[in-house]
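Participant: with the sequence up front, the predicted model follows.
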Amino acid sequence: MVQVQVPSGDGLTSLPLPPVNPMPFRQRVAAVREFSTGTERLRDAGGPVTAFTLGPRWLMPPMVLATSPGAIRDVLSTKDDSVDKTTPVFDQMRRIIGDNLATLPFEPWKSRRRTLQPVFTKQRVSEFGGHMAQAAQAVYEGWHEDAEVDLDAECRTLTLRALGRSVLGLDLEEPDNEVAEPLRVALTYAIRRATRPLRAPRWLPTPARQRARAASAKLHALTQKILHECRADPTRVAPLVRALIAAEDPATGNRLSDKEICDELIIFLFAGHDTTATTLAYSLWSLGHHTDYQDRVAAEVAALPDRPLTPDDIPQLGYTVQVIRESLRLCPPAPTGTRMACRDVEVGGYRVPKGTMLVVGRMAVQRDPTLWDDPLRFDPKRFSPENFTALDRWKYLPFGGGPRSCIGDHFAMLEVTLALATIIRGVEIRSLDDEFPLALHFTMIAGGPIRARVQPRR
């Protein structure tokens with residue numbers, strides 16, 4: 001891992017400040033609210049490192065957007081608290097769904113990361129992926145011949161049910177009511193509040209805040225119930241819950257409290273469901289427009305034994321993984337990330353003053369025409385073994401980068417690969433929509449139904 005050497009003293013103070021973005025104020029606000037494509041517009045207007053504001057400092061901190069590989073590396077590869085998760089986005093997340101590995105500031109994060117790292121190794125996450133292939137097969141077997149389906153809705157159903165059964169030991173009979181909708185309500189409120197210059201006081205019981213708090217309470221009640229039942233019944237199969245109960249910080253020997261376990265379960269439900277479902281839907285939609293790529297995935301999985309796929313099959317699904325990586329390039333689960341400069345730091349050759357919010361444009365760098373040939377074209381060949389090996393680490397980062405990269409990246413890739421290969425083995429997909437609409441509540445999701453026609457594969 002690269003450790004950026006930040007200039008000190010005169011070396012840092014002699015650097016220029018980032019250029020101010022010339023985009024008019026209203027367009028700036030719209031771009032920030034549309035985090036999916038907005039960072040590309042800000043980049044095109046102001047360059048790969050550009051400064052802008054959304055209001056006076058007492059309302060919203062000044063911002064600097066980083067969209068070049070080098071500038072993103074400068075932000076994400078720091079190993080101390082000089083660049084921290086103390087921005088309004090993470091503040092709102094902690095207030096609504098609790099403290100977890102994804103939102104904690106640097107000091108408490110260190111112990112949490114040490115505690116959880118062994119839970120999410122490649123070897124351990126294979127224990128969590130056992131039900132994805134079965135769930136995917138059960139979903140597509142319910143599709144009628146020549147049926148029109150909504151890929152987004154179907155993928156959300158299968159990922160949440162698989163997650164419930166294999167990870168939590170819970171059969172989510174009504175997944176939308178139990179988990180998906182409360183998550184969406186809580187996270188949408190958090191991101192909207194964080195990106196608004198003018199916000200109602202925290203003590204004011206607005207209808208939106210009341211809905212968000214009720215959604216959060218529902219999620220915490222569900223995870224508390226799961227945890228209580230696992231403690232009461234040692235035979236209950238819930239691999240992730242068991243792993244969190246047993247996890248301890250190797251430096252201190254401390255274990256997670258029940259509240260900390262519940263907070264981590266909530267963020268895992270969110271990450272394991274929302275991001276996985278969207279990546280799977282985007283992959284299926286893309287293959288539905290590229291029958292040659294789809295046939296190649298089908299041939300790859302047909303070479304495996306005629307049985308439900310398992311994590312042991314992943315090494316034989318190399319082209320399927322290429323398809324998923326290309327989907328993650330064009331539709332990254334988190335199109336942006338934010339950090340706070342807690343002291344003056346260097347970003348892309350500029351001095352960023354303390355108190356500036358740093359915005360990392362993941363989607364912008366992954367679609368940058370100066371870095372990728374024909375960047376909006378879907379082409380899994382970009383991630384062939386030789387191309388992937390030669391790829392600049394900091395221009396492709398769907399799971400982030402540096403010390404605080406996503407701890408669940410192995411699990412996410414395992415889940416999507418098993419699901420995609422299982423579905424394409426069973427059915428032919430023909431996408432009916434030319435566009436994949438995008439929306440953002442906290443991560444990228446489909447902005448509407450993703451229609452496709454399906455036929456049994458013969």
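Facilitator: Good, I have the coordinates.
Participant: correct me if wrong: residue 411 contacts residue 129.
Facilitator: Yes: between residue 411 and residue 129 there is a contact under CB atoms under 8 Å: 6.9 Å. All C-beta spots, glycine's among them, are computed from the backbone N, C-alpha and C.
Participant: residues in contact with the helix or strand hosting residue 94?
Facilitator: Take DSSP states H and E as the rule and residue 94 turns out to sit in helix 88-97. Helix 88-97 is contacted by residues 60-61, 102-105, 186-187, 189-191, 193-195, 202, 212-213, 216, 219, 263, 266-267, 270, 338, 357, 442 when judged by CB atoms under 8 Å, 6 or more residues apart in numbering.
Participant: do a quick rundown of the strands in the stretch 301-450 of the chain.
Facilitator: With strands called from DSSP state E, counting those that start in this stretch, the stretch 301-450 of the chain shows them at 336-341, 345-347, 350-352, 357-361, 427-431, 438-440, 444-446.
Participant: of all the ones you listed, which lies closest to residue 372?
Facilitator: strand 357-361 (14.0 Å; CB to CB).
Participant: what angle sits between that closest one and strand 336-341?
Facilitator: 150 degrees (axes from the mean of the first three to the mean of the last three CA atoms, to 10 degrees).
Participant: now what about strand 357-361, what contacts it?
Facilitator: 39-40, 42-43, 61-67, 72, 75-76, 83, 87-88, 335-341, 347, 352.
Participant: one more pass at 7 Å, please.
Facilitator: Residues from elsewhere that reach strand 357-361, judged by CB atoms under 7 Å, 6 or more residues apart in numbering: 39, 43, 61, 63-67, 72, 75-76, 83, 87, 336-341, 347, 352.
Participant: the contacts of helix 88-97 in helices, which ones?
Facilitator: Within the contacts of helix 88-97, residues falling in helices by DSSP state H are 186-187, 189-191, 193-194, 212-213, 216, 219, 263, 266-267, 270.
Participant: which of the residues you listed sits closest to residue 138?
Facilitator: Nearest to residue 138 among the ones in helices among the contacts of helix 88-97, counting by CB to CB, is residue 270 at 23.0 Å.
Participant: excluding its backbone neighbours, what's nearest the closest one?
Facilitator: Distance criterion CB to CB, 6 or more residues apart in numbering; nearest residue to residue 270, sequence neighbours excluded, is residue 183 at 5.2 Å.
Participant: now swap in residue 250 and tell me
Facilitator: In space, residue 250 is closest to residue 114, 5.9 Å off (CB to CB, 6+ apart).
Participant: downstream neighbour of whichever helix or strand the one you found is part of in the secondary structure list?
Facilitator: Assigned by DSSP H and E, residue 114 falls within helix 106-116. Counting by DSSP H and E, the next helix or strand C-terminal to helix 106-116 is helix 122-125.
Participant: that following helix - contacts with which helices or strands?
Facilitator: If you count contacts as 3 or more CB pairs under 7 Å, 6 or more residues apart in numbering; DSSP states H and E, helix 122-125 packs onto helix 409-426.
Participant: so how far is the helix it packs on off the chain centroid?
Facilitator: 16 Å (CA atoms, centre = their mean, to the nearest Å).
Participant: next, the angle from that helix to strand 427-431.
Facilitator: 100 degrees.
Participant: residue 11: neighbouring residues, count only.
Facilitator: 12 (other CB atoms under 10 Å).
Participant: likewise for the one 3 residues further on?
Facilitator: By the measure other CB under 10 Å, the count of residues near residue 14 is 9.
Participant: also residue 331?
Facilitator: Using other CB under 10 Å: residue 331 sits among 25 other residues.
Participant: now residue 448
Facilitator: Neighbour tally, residue 448, other CB under 10 Å: 14.
Participant: picking that back up, ok, of the contacts of helix 88-97, which come out buried?
Facilitator: Neighbour counting with 16 or more other CB atoms under 10 Å marks 60-61, 102-105, 186-187, 189-191, 193-195, 212-213, 216, 219, 263, 266-267, 270, 338, 357, 442 as buried within those.
Participant: which non-adjacent residue is nearest the most centrally placed residue in the chain?
Facilitator: Centroid-nearest residue in the chain, with CA atoms, centre = their mean: residue 333, separated by 3.8 Å. Nearest non-adjacent residue to residue 333, counting by CB to CB, 6+ apart: residue 275, 3.7 Å away.
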